[in-house]
Structure formats: structure tokens, C-alpha cells
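Trainee: Below are the sequence and a predicted model; questions follow.
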Amino acid sequence: MTTLDKRSAGSPSPASGRLAGGRRSPRNLHPLAWWTWALALATAASRTTNPLLLLLVLAVLGYVVTARRTDAPWARGFGYYLGLALTVVAIRVVFRCVFATGITPHDHLLFSLPHIPTPAWYAGIEIGGPVSLEATLSAAFDGLRLACLICCIGAANTLANPKRALRVLPAALYELGVAVTVSLSVAPQLVQSVQRVARARRLRAGRTKGVRALRSIVVPVLEDALERSLHLAAAMDSRGYGRAGTATRRSRRTTGALMLLGMCGLCAGVYGLLDGTAPAVLGLPALVAGAVLCAAGLALGGRRVRRTSYRPDRWRAAEFGVAGCGVAAAVLLFGTVGYDATELNPSLYPLTWPSLPLVPVLALLLAGAAGAIAPPPGRTPGPATPPRPRPADGTRHRRTAVDRATSDRATSDRTEPDRTTTEVSK
Amino acid sequence: MIRFDRVGVVYEGRDAPVLREVDLHVPEGELCLVVGRTGVGKSTLLGAVNGLVPHFTGGTLRGRVTVDGRDTAHHPPRELADVVGVVGQDPLAGFVTDTVEEELAYAMEQLAVPPEVMRKRVEEILDLLGLADLRHRALHELSGGQQQRVAIGSVLTAHPRVLVLDEPTSALDPTAAEEVLAAITRLVHDLGVTVLLAEHRLERVVQYADRVAYLPGDGTVVHGPPAEVFRGTAIAPPVVELGRLAGWSPLPLSVRDARRAAAPLRETLAARPAPAPRRGAAEGDTVLFAERIVVRYGPVTAVREVGLELRAGQVTALMGRNGSGKSSLLWALQGSGPRQGGSVRVVREDGRPPKDPKRVSAAEARRLVGLVPQTPTDLLYLESVAQELAQSDLESGREPAAEAGPTARRILDRLAPGIPDDTHPRDLSEGQKLALVLAIQLAAAPRVVLLDEPTRGLDYHAKEALTGIVAALAAEGRTVVVSTHDVEFVASAADRVLVMAEGEIVADGRTDEVIVASPTFAPQAAKILAPLPYLTVHQVAQALESAGAAR
């Protein structure tokens, strides 16, 4: 916390301090910190089917996302993830109801669906029939766990700028990052292109349905996209993308082999850890070995790349705090110390009300503390005072709406904290 | 700084070389203007400077190109990135990142410039190009002029000693173009950057050039001081043409020089009546009535209660800065675009009651109003010109006239003769593509023809051809509306000018009345000969001719 105190004390701009609500100047957290936090929370959630704990996870995610997201376009997506998660729960429950299996006579029957007889060779699966409370609940809790995982990933995407997250990729994976970045920016252009061509089609009064119509839209759009990607490739080339590396054929092969082995190790390790019945050697040892091999491969591959990055995100106390909260929660839920492991997976046979074990609750609340530890988010790319009317020929009109929606003071607010942080680091 | 030594370029599968025996030397700190018609190899010449030709485009390059002592044969474009900065025609197509600041830093990141230096240079470039207010903005939100300045800035941060610009202002309105050109000249004067610049609308840049490289079309390059080279070029800005016509020496390159030389000419011309700028056809009845048109996109109103009447035989130019609602108005008039309010009525030839193109089928709307969109290629999707034309006849529901062949083909031959049937539409030049799409639209025989920015990317000859086409359409009794930024084109082609701003029509009147009065819109001839009511060099030539005949 000393860094934080020093920064606010040394801040030359009282305005930025006030903006932050008194103490901390707003800035964007390192994307890796949010990702670590979210993945750790997902790991923790994967340990339990206790609905109370899972709902607590959702509450924690909701709190942190509302408290610490920016007003950038990607930050508005959490609602969609939530919707996706609910759909997953619903699908899971519906499937369990329709393909009802393993219903014991002691179950509480809710209602009965019409039973569809299946052929003899298909006897293992029944369609329809009685629906029991136990089966439905187990499906719902399972779905809820999956929903929590989805929401964790969604939260990470909402809290950290995905493009900045790609920038922290190791140097050896830089090309991959660029490819993803470029495709991210191409997608909206493609949509715009399709709209434009579809609109232009009416001018020729061409058919609007069928294969021919599809062709008359797809051909110009693809030609457009191809032309644009050629332009982009030429532009990137002439701006120094992919400048001489010193990679020899041998070092490239070694890198490839290391990465492949490492990935295998990681997969085996994750499988071993998550599946309790797997032999112990598949667990932690495989994971560690895989990680080491991958790291070696990345380091070797990264050596041939010479590049610097502009205004890199720094890893400070707040980042340690946020990532630490998440990891601590995961460790506590895996540790099974101070509470009974069965409390994480409450029994449905017989049906009991799930208990709320103290340690896991505290662990999840600790993860929620990340929302308080992280500094308030910096202003995102918002427009300054519009200097003059935006160009808005044709499809471009929409951007003016975005301009107006965001406030005018964005730029000055955002530069200040950055300047102070550089001073502190010197 | 840049040296071409007996350079020849041949692309694969072509017989004739694009460039041959080119010897060109551009010393440090000069602004060299590359001039020539479309397709003579300007882009090839520019691309050869940083090695995109032949490393990226393919083909064979003979001879030697050296930049700052580095031979492009041994240095691919990425290895020249610290010496040569390249800016293309469409800035959006070349952006890699998505905010202004990151885009400015991109090239430096590739060159492994230390972070502290990067930070400093970004701030410097932001100030130099006046982009400081935009630093966190998303690139696609910027106006065209701002985007182009960011594109220039993004190569400047690498501190290149040479800047290569391929038609940087062709997509911009006059004000935005001024903005970009001012930035470029400032770089030449303040930083000593060597600039190689290709540009179609010469009237904007010729006064800033120290040297002109002219490509006559046979693959060679003629270069020298502008006043000398322009004596014999096939294309020239109006100021040069006027100078040639009046026999001034040295040739004036700026309006200021020309005005000083023009005093005697003005006296001669003042003595006789000015001929009409366009031999306008007799204006007929009103064919399109539009009342209180409103176009909105979400909360933004693009067109605000615009009323308009168009008469047969009239050519109307629609002007105004980017985003003033020109395209939206045209699309609303055609009926294919959105329209939230107002009415459009198009009079039909056979005397039936007028129709609103939005309330009829697309095929019917097409017969009432024809529109050529800003990117004409959006309408093309077949493999050959012949297929496109045949499809167009099918769409218009016209029976091919037995004696003259298919309708669309006949129209195309009149607009742009000599386009072979089996050519792929994408291989046509900009002007030919425009003619093809226009022919496709005209096959439906609409009485109202709307052209959205057709002058983009056209050279002087193609523009002249377009002027002829537009005049012919008007003479057939159609009404033509052309939205454009090109004042010289408006001066020679239009009878009437509408100026839009913020979705409203702010000026409506005869061409000479509207554009002469405006400081941004006045064509060069008008600026030189003011207060005489001349708009084009062509008019001056006519006046001088009749003066000679009278004598």
C-alpha cells in the first residue's frame, strides 16, 4: 500500500484525487491481475455444487463488475454472459427432465411427462416419464456451477480490456496476439460492409432471397475484405511488423517441440487435478512439468523477437492484492481445512437443506474484497469536446451518437494519473 | 535521399513494363509531386521507394532503388520502416490498433524504441499534428481528415527521413484536405522530411511542390521544377492550364502568382460577355418533388426537413463537408435509404400520377430514380462485364431491342466505349467501374439520376469524360444530382448548386452565384479572374476564341 499512498501524496493534480473519491487516483488494473482473479474464482467455484455458495460467487462477481468496470464498449457485456449462463442452467434442467434416468422409488415426484417408448436397442435412455425433485435440483446445481464458470470468464472480459490483455502475451506468441487483435477489428468492419452491400442491392432490384441473393452479397463483401486485408498487410509490413529475428531453423523446431510437450503436460495436469479418480502422478507433477516446458519454449521463442511496448501496464500492490484475493479463495476451497468437504457438495439423497460452511464463505468474501482493493477504473477512450461535426456519410452516422453519449472531460482526467505514476516510478 | 537508377518494373503476366529506365533523384528536404493519369504506374513508383514493390507485390525490379543509402533489393519494407514512412489513400485500411495513441506508438514498438523515448515522441507528434485532443479516441470515430493526420503521425513517430504519400487527400472534403496538406508542408519546412506525394487534384498541392515527377504513360518519368515540367504534361491543374492558354512565362503555380500575371487578361475579358459555363439544355418540367425530408439514425438527425424540386435537363451539384447529410439525402430520395418523415414524388413519363419511390417495389423504384452509390463496386458481383450487363437487363425487365442489342450494353458503349465483354469488373479502372454501374442503373431508364461522390479517385481525363456523360444525361431530359467535393468539376458540370450543412440546405442557386461567393468553394479560375464571372478555363478559351474571331 505504500506505493499507493506515495502516489496520491505526490499527485500534482488535486482534481484527479477528488475524482477518485478522496484517496486513490483512478487507473486501469493490469489485465493479467483481473484474469488471475477471475480464473482463480472459477477454480474455486468448480469445487462446489452448494447452491448457496454458488449464488455467493455470482453475487461477488456482480459486485466487483459493477464497482470496477469501465464505460468502454467491451465492459457492457456482462449482461450477455449472465444471459448465457441462465440459458445453460435452463437447458441443463430441461434435458434432465426430458431424458429422465435413474429415478428411484424414494424420490419426490414433481410431475410426469408423456413417456415415449424407445426401441429395444436404445433401452439405456428413456424419453419422458416421471420427473423427480432430486434429479431436477441436481441438474440445476450442476448448471449453476457451469453458469458461475461462464460468468467468471465474462467478468474477466468485462473488467480487463481484451486487447490490452493480449499485449501481455509472451513475445513468442506476439503474432498470435496480432492475429486475434486484427480479427477483432475486422469483424465490425465486415458487418458494416454487409449492411452497405445489402442496402445497395435494392438499387439493382435484385432478388432478396435464395442462393443468388446470397452470392450478390457475399461476393462484394469478400472482395472488399480481401482488398482490405491486403492493404493492412502492406501497411503493417511497411511499418516494421515482423522485423528481422535471429531464429534459426533448429531453434524454431526446439521451440515447437518444447511447446507441444508442455501443452500435453498441462492438459494431463489439469485433468488429473480436476478428476479425483485420476492417478496422483497425473495431477500436480504433470502440471508443473508442463508449465516448465511451456515457459522454456516461450522464452526460447521470445528471444528472437525484438520489440518494446508502449506504456506497459505495471504490476503493483493493487495487482498483487486482486490476484491474491482470487488465488486465496481458490486455495481455501481446495484445502478443505476447517470445514467438512461434504458441505461443498450437499447430498440430494436424502434431500437436505444445504448448510453454509464458514470458511468457504469467508474465502469467497475475500475474493469479493478485490472490488475494494482495485483502484477505481480510469476513464476509457472517451471523446474530447467534438471539434466539429463528425463525418457521417452513409453508415457512419451512428458514431455521432456514441460521441454525444460520452462526456467531454474525458481526456484531461485520464492523462493526469498517468503522469503522476511515471513520476513516482522514477 | 531517394535515388532511382535505371529502374524498370515488370509485373508477372504483363508484357509491357510499368516503369522503364527511370532515373530519379529526390534530394533531402524536397517535396516531390508525382503526377500522371490513373494506371500509369504512380503507385508502383511510390511502392518501389520502400520496397513494397517488388517484395510485397511481386514482379521484377531491374536497376537500383536506394533510400538513404540502403538498397531496397536487400532491404524488405519492414527493414526500411525507420527510414521510409508510407501513408496510403484510405487511412482506415492501414490502422492496426484502435486508439489514436496506440496507433502512433505501433511503428515504434516494432522498431524496439525504448519506452521513455516512445512516450516523448508520441507527445511531440500529437502536438505537431494537432491531435492532442484526440489521443484517447477510437480511430473509427474520427473524421476523414483527422484519420489521415493520425496515419501520417503514426509513421512519423518512427522518425523516418522520407515520407511517401499515395493520394492522401482523395477521400477528403476541401477543408479536411487543406488540413492534411498544411500538416505535410509543415513537415517539409520544419523537419526537413523528404516527401514524395502522388495526388489527383493537383490544384491543391502544386504550389507546394519543389519538384514534379511526371509519368507520361509509357513507363518513363520526366522530372524537374514544376514550372518546367507542367509545360508539356497531359494533365495540369486549372491554374497551369490558364497560364498555358494565356502564354504566361514562367508558368504560375499558385492563385497568387496567376492573379498578378492576369491583369492584362482580365482587361481583355472584361470587354466582352462571359460565355455560359455549361451549354445547358433547356430546363424542362419539375420531375421530382421532395418535401420536408427527415432522416434520422438513432438520436442523430442526418437530414432535417429538406425540401427540394428537381427539373428535367438540370444538373445539380450537392456539396457540403463530410457528414453534412448528402448521402443520406440521396438515399432517401431514391427510397432505398431510411426516411422518417416527409414525402417524395417522382413524375412519370406516361402521365400517370406521380409516385413515391419508397412506396413501390424496388424494381419500380429503380425505374423512377437511379442511384450510383459511393462505392459502386457494391453493386457488382458477377464475373464479367457481359454477365453484369445481361443481369441488369433482366432486372430492368427490358426486352433487348432487336436492332441494337441489349440495352445496358448500348448505354455502356455510349458512356465508355471499348470495354471488352469478358473483362472482370474488378479489373476495370475507377472511371470504367463508375461507367459500368451507371450503365446498369440507366438500363432501367430512370428520369432522376443520383450520383454519390462519383469524382473520387478520378483523374482529370476521367472527370472530363464524366462531365460529358452528365451533360448527355441532362440533354436527354433527365435530371442529374451529383454529390461531390470537387469544385472544379462542379464549375464545369453543374447548373445548380446545393450546399448542405448539418442536414439542412444552406445555399441553393445557380453555380456561378453559389460557388464564386464562397472562399472554400470557388474554383481556381474564378479566384484568378474575380470579379469577372468566369468559372472554368474552358470558358476563358471560348471567350478568347470569339475575341480572336471578332478581330
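Mentor: Sure thing, it's come through. Residues are numbered from 1 along each chain as shown, chains lettered A, B, ... in the order given.

Trainee: Geometric centre of chain B: which residue is closest?
Mentor: Central residue of chain B (Cα atoms, centre = their mean): B:Arg456, 3.1 Å from the mean position.

Trainee: looking at it, that one is touching B:Leu172, isn't it?
Mentor: No: counting by Cβ atoms under 8 Å, B:Arg456 does not reach B:Leu172; the two are 10.1 Å apart. The way it works is simple: take the backbone N, C-alpha and C, and place the C-beta from them, glycine included.

Trainee: sorry, back to before: identify the residues contacting the residue nearest to the centre of chain B.
Mentor: Neighbour list for B:Arg456: B:170-171, B:374, B:430 [criterion: Cβ atoms under 8 Å, 6 or more residues apart in numbering or on different chains].

Trainee: Any idea which of these the model trusts least?
Mentor: Within the set of the contacts of B:Arg456, pLDDT is lowest for B:Ala171 (73).

Trainee: Does it touch B:Ser143 like I think?
Mentor: No: using Cβ under 8 Å, B:Ala171 is not in contact with B:Ser143, being 11.0 Å away.

Trainee: can you map out the strands along the stretch 101-250 of chain A?
Mentor: In the stretch 101-250 of chain A, the strands defined using DSSP state E, counting those that start in this stretch lie at A:109-116, A:127-132.

Trainee: now these as CSV including mean pLDDT, distance to A:Ala187 and mean neighbour count?
Mentor: CSV is the format used below for these (pLDDT from 0 to 100; distance: least, Cβ to Cβ, whole Å; neighbours: other Cβ atoms under 10 Å in any protein chain shown):
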stretch, mean pLDDT, distance to A:Ala187, mean neighbour count
strand A:109-116, 82, 42, 11
strand A:127-132, 81, 40, 18
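
Trainee: any chance of those in TSV, with distance to B:Ala236 too?
Mentor: Listed next are those as TSV, based on distance: least, Cβ to Cβ, whole Å:
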stretch	distance to B:Ala236
strand A:109-116	84
strand A:127-132	82
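
Trainee: now those as CSV including distance to chain B?
Mentor: Compiled in CSV, those are given as follows (distance: least, Cβ to the nearest Cβ, whole Å):
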stretch, distance to chain B
strand A:109-116, 46
strand A:127-132, 46
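
Trainee: would you say the residue nearest to the centre of chain B is within a helix?
Mentor: No: applying DSSP: H, G, I helix; E, B strand; the rest coil, one finds B:Arg456 to be coil, outside a helix.

Trainee: And the pLDDT for it?
Mentor: In this model, B:Arg456 carries a pLDDT of 79.

Trainee: Read off the pLDDT value for residue 192.
Mentor: Using chain A here. Reported pLDDT for A:Gln192: 81.

Trainee: Chain B is the one I meant
Mentor: 88.

Trainee: One more: A:Thr246?
Mentor: A:Thr246 carries a pLDDT score of 58 in this model.

Trainee: and what of A:Arg390?
Mentor: Here the pLDDT value assigned to A:Arg390 is 38.

Trainee: Ok, the one 3 residues further on next?
Mentor: According to the model's per-residue confidence, A:Asp393 sits at a pLDDT of 41.

Trainee: residue contacts, the closest residue to chain B within the stretch 51-200 of chain A?
Mentor: Going by Cβ to the nearest Cβ, chain B is nearest to A:Ala200 of the stretch 51-200 of chain A, at 3.9 Å. Neighbour list for A:Ala200: B:373, B:375, B:378-379 [criterion: Cβ under 8 Å, 6+ apart].

Trainee: what number of residues lie near the residue in the stretch 151-300 of chain B positioned nearest to chain A?
Mentor: Chain A sits closest to B:Tyr297 of the stretch 151-300 of chain B, with a gap of 3.8 Å, by Cβ to the nearest Cβ. By other Cβ atoms under 10 Å in any protein chain shown, the residues close to B:Tyr297 number 19.

Trainee: Is it in contact with B:Pro338, as I believe?
Mentor: Yes: B:Tyr297 is in contact with B:Pro338 according to Cβ under 8 Å; the separation is 7.4 Å.

Trainee: B:Arg292 touches B:Val306, doesn't it?
Mentor: Yes: in this structure, B:Arg292 is within contact of B:Val306 by Cβ under 8 Å, at 7.4 Å.

Trainee: Neighbour count: those two, which is higher?
Mentor: Using other Cβ under 10 Å as the criterion, B:Arg292 and B:Val306 rank with B:Val306 on top: 22 against 12.

Trainee: Which strand residues bridge that one?
Mentor: Taking DSSP bridges as the rule, B:Val306 bridges to B:Ile293.

Trainee: can you pull the contacts of it?
Mentor: Counted by Cβ under 8 Å, 6+ apart, B:Val306 has contacts B:290, B:292-293, B:325, B:329, B:342, B:500, B:503-505.

Trainee: Can you classify A:Ala297 as helix, strand or coil?
Mentor: Slight slip there: residue A:297 is Gly, not Ala. Following three-state DSSP, A:Gly297 is assigned to helix.

Trainee: Show me the helices in the stretch 151-300 of chain A, by range?
Mentor: With DSSP state H, counting those that start in this stretch, the ranges of helices along the stretch 151-300 of chain A come out as A:162-167, A:174-204, A:210-238, A:249-274, A:284-303.

Trainee: Select, out of those, the one closest to B:Val122.
Mentor: Of all these, it is helix A:162-167 that lies closest to B:Val122, at 16.1 Å by Cβ to Cβ.

Trainee: Quick one: low-confidence residue ranges for the stretch 301-426 of chain A.
Mentor: Across the stretch 301-426 of chain A, the ranges flagged by pLDDT under 70 are A:304-305, A:379-426.

Trainee: Can you verify B:Phe4 is assigned to a helix?
Mentor: No: B:Phe4 is assigned strand when assessed by three-state DSSP, not a helix.

Trainee: Chain A versus that one, what's the distance?
Mentor: Distance from B:Phe4 to chain A, counting by Cβ to the nearest Cβ, to the nearest Å: 18 Å.

Trainee: Ramachandran coordinates for the residue nearest to that residue when sequence neighbours are not counted?
Mentor: In space, B:Phe4 comes closest to B:Leu24 once its chain neighbours are excluded; the distance is 4.1 Å by Cβ to Cβ, 6 or more residues apart in numbering or on different chains. Dihedral pair for B:Leu24: phi -140, psi 130, per degrees, to the nearest 10.

Trainee: show me where the stretch 201-350 of chain B has strands.
Mentor: B:211-215, B:222-224, B:286-297, B:300-311, B:315-319, B:341-346.

Trainee: Buried ones in the fourth one, by neighbour count?
Mentor: Just to be clear, that refers to strand B:300-311. Buried residues in strand B:300-311, counted by 16 or more other Cβ atoms under 10 Å in any protein chain shown: B:300-304, B:306, B:308, B:310-311.

Trainee: Check the third one too.
Mentor: Along strand B:286-297, these residues count as buried under the neighbour rule (16+ other Cβ under 10 Å): B:287-290, B:293-297.

Trainee: That one versus strand B:341-346: what angle between them?
Mentor: With axes from the mean of the first three to the mean of the last three Cα atoms, to 10 degrees defining the directions, strand B:286-297 sits at 150 degrees from strand B:341-346.

Trainee: Could you give the average pLDDT over stretch B:315-323?
Mentor: Stretch B:315-323 shows a mean pLDDT of 89.

Trainee: quick revisit: overlap of the contact sets of B:Arg292 and B:Val306?
Mentor: Shared contacts of B:Arg292 and B:Val306 (Cβ under 8 Å, 6+ apart): B:Gly342.

Trainee: I figured B:Glu453 hits B:Val372, correct?
Mentor: No: judged on Cβ under 8 Å, B:Glu453 makes no contact with B:Val372 at a distance of 9.3 Å.

Trainee: anything in contact with each of the two?
Mentor: Shared contacts of B:Glu453 and B:Val372, defined by Cβ under 8 Å, 6+ apart, are absent.

Trainee: Can you get me a residue count around residue 47?
Mentor: This is for chain A. A:Arg47: 19 neighbours (other Cβ under 10 Å).

Trainee: Please refer instead to chain B.
Mentor: B:Gly47 - counted by other Cβ under 10 Å - has 25 other residues nearby.
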